[in-house]
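Participant: what follows is a protein structure lacking sequence information:
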Ligand SMILES: [Zn+2]
């Protein structure tokens, strides 16, 4: 991160002093920096998530493992990779002025997902863990959702579950493991592995998408439309997620913005947290 910052500051200083050619060169250097940044981003996410997990489940302070937010298996650093929640392919057609101002990583939203093969009832699922699972079942539908101009007659249940699952990862990105380890988190994690239809426990209100007009250009006033993929508010027993021109709900067993007791033994139930570490896969 220090490297990024100093390079960024150097770029800014030089931009003030250089001509057009030099500006173009620096702009291209910045673009490639986004790629170089990924290993550092993985370290950063790993440590942030580890601290969060240890605060909820102290057992993890005695090992070097992290729970995958999708399958919930405890895994090592090298068994994870950085995941672009809104896939890069979906962002390729963003307007050029947006691409020039807001990095791809910002527009995607990043988290970690495992890359260790999933095993279901003794059989290995082809691919690299949850990373491949999301890519296989959801990324092309997410691309459709980002790029459609007309949603009527074009949406199917895979689109809906793609948005539901991406929203879950967005919620996890904002509030951490308390989302994954709540009963509602278990439901959303299970849903992620059922890409064709909604599970019985998913409320009807969480099976709808509201859409509005898409924006097609950038100005400072609409920066957050492009820069923050998941605008989240909590509304009693659900989270309301706005992703660009789409709005949908996700179930919540508990308001994650409310504090809970991490050390005290006896507190009112709304301040307690009981992690559910159930996994779908072995
Ligand atoms: Zn996983």
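Facilitator: Sure, I can see it. Everything numeric here is computed off the predicted structure, so don't read it as measured data.
Participant: distance of residue 86 from residue 117?
Facilitator: 25 Å (Cβ to Cβ, to the nearest Å). For the C-beta atoms, the positions are set from N, CA and C on the backbone; glycine is no exception.
Participant: now do residue 184
Facilitator: According to Cβ to Cβ, residue 184 and residue 117 sit 27 Å apart.
Participant: comparing the two, which residue is more hemmed in?
Facilitator: residue 184 (26 against 14; other Cβ atoms under 10 Å).
Participant: residue 249 is in contact with the more buried one, correct?
Facilitator: No - using Cβ atoms under 8 Å, residue 184 is not in contact with residue 249, being 11.4 Å away.
Participant: all helices for the stretch 101-250 of the chain, in order.
Facilitator: 104-108, 129-137, 139-147, 157-175, 177-180, 183-192, 223-227 (DSSP state H, counting those that start in this stretch).
Participant: would you mind listing what in the protein touches the ion?
Facilitator: 68, 70-71, 114, 129-130 (Cβ under 5 Å from the ion).
Participant: give me the buried subset of those.
Facilitator: 68, 70-71, 114, 129-130 (16 or more other Cβ atoms under 10 Å).
Participant: run a quick neighbour tally on the closest residue to residue 164 other than its chain neighbours.
Facilitator: Nearest residue to residue 164 in three dimensions, chain neighbours excluded: residue 191, at 6.2 Å (Cβ to Cβ, 6 or more residues apart in numbering). Using other Cβ under 10 Å, residue 191 has 21 neighbouring residues.
Participant: distance check, residue 191 against the ion.
Facilitator: 14 Å (Cβ to the ion, to the nearest Å).
Participant: isn't that residue right next to residue 203, touching?
Facilitator: No - taking contacts as Cβ under 8 Å, residue 191 lies outside contact range of residue 203: 11.7 Å.
Participant: name all residues that make contact with residue 177.
Facilitator: Listed by Cβ atoms under 8 Å, 6 or more residues apart in numbering, the contact set of residue 177 reads 49, 52-53, 56-57, 67, 69, 275.
Participant: now for the protein, the helix or strand with the poorest mean pLDDT.
Facilitator: Taking mean pLDDT, DSSP states H and E as the measure, the chain has helix 2-17 as its least confident helix or strand, at a mean of 36.
Participant: quick one on the thing from earlier: from the contacts of residue 177, which land in helices?
Facilitator: 49, 52-53, 56 (DSSP state H).
Participant: out of the residues you listed, who's nearest residue 163?
Facilitator: For these, the minimum distance to residue 163 (Cβ to Cβ) is 23.3 Å, reached by residue 49.
Participant: dump the residue contacts of the closest one.
Facilitator: 66, 112, 176-177.
Participant: do the same with residue 189
Facilitator: 69-72, 168, 180, 280.
Participant: again, but for residue 88
Facilitator: Residues in contact with residue 88, defined by Cβ under 8 Å, 6+ apart, are 104, 108.
Participant: from residue 167, how far out is it?
Facilitator: In terms of Cβ to Cβ, residue 88 sits 18 Å off from residue 167.
Participant: what stretches of this protein score poorly on pLDDT?
Facilitator: 1-36, 261-273, 281-282 (pLDDT under 70).
Participant: same thing but at 80, please
Facilitator: 1-38, 149-150, 152-153, 236, 260-277, 279-282 (pLDDT under 80).
Participant: so residue 38 sits right up against residue 82, yeah?
Facilitator: Yes - when contacts are counted by Cβ under 8 Å, residue 38 is listed as touching residue 82 (5.4 Å).
Participant: neighbour-wise, which of those two wins?
Facilitator: residue 82 (19 against 13).
Participant: okay, buried residues for the host helix or strand of the more buried one please.
Facilitator: Using DSSP states H and E, residue 82 sits in strand 80-84. Residues of strand 80-84 classed as buried by neighbour count (16+ other Cβ under 10 Å): 80, 82-84.
Participant: which of the residues you listed sits closest to residue 195?
Facilitator: Nearest to residue 195 out of those is residue 83 (Cβ to Cβ; 16.4 Å).
Participant: residues touching that closest one, list them.
Facilitator: 110-113, 131, 134, 169.
Participant: measure it to the ion for me?
Facilitator: 10 Å.
Participant: and that residue, what are its bridge partners?
Facilitator: Listed by DSSP bridges, the beta-bridge partners for residue 83 are residue 111.
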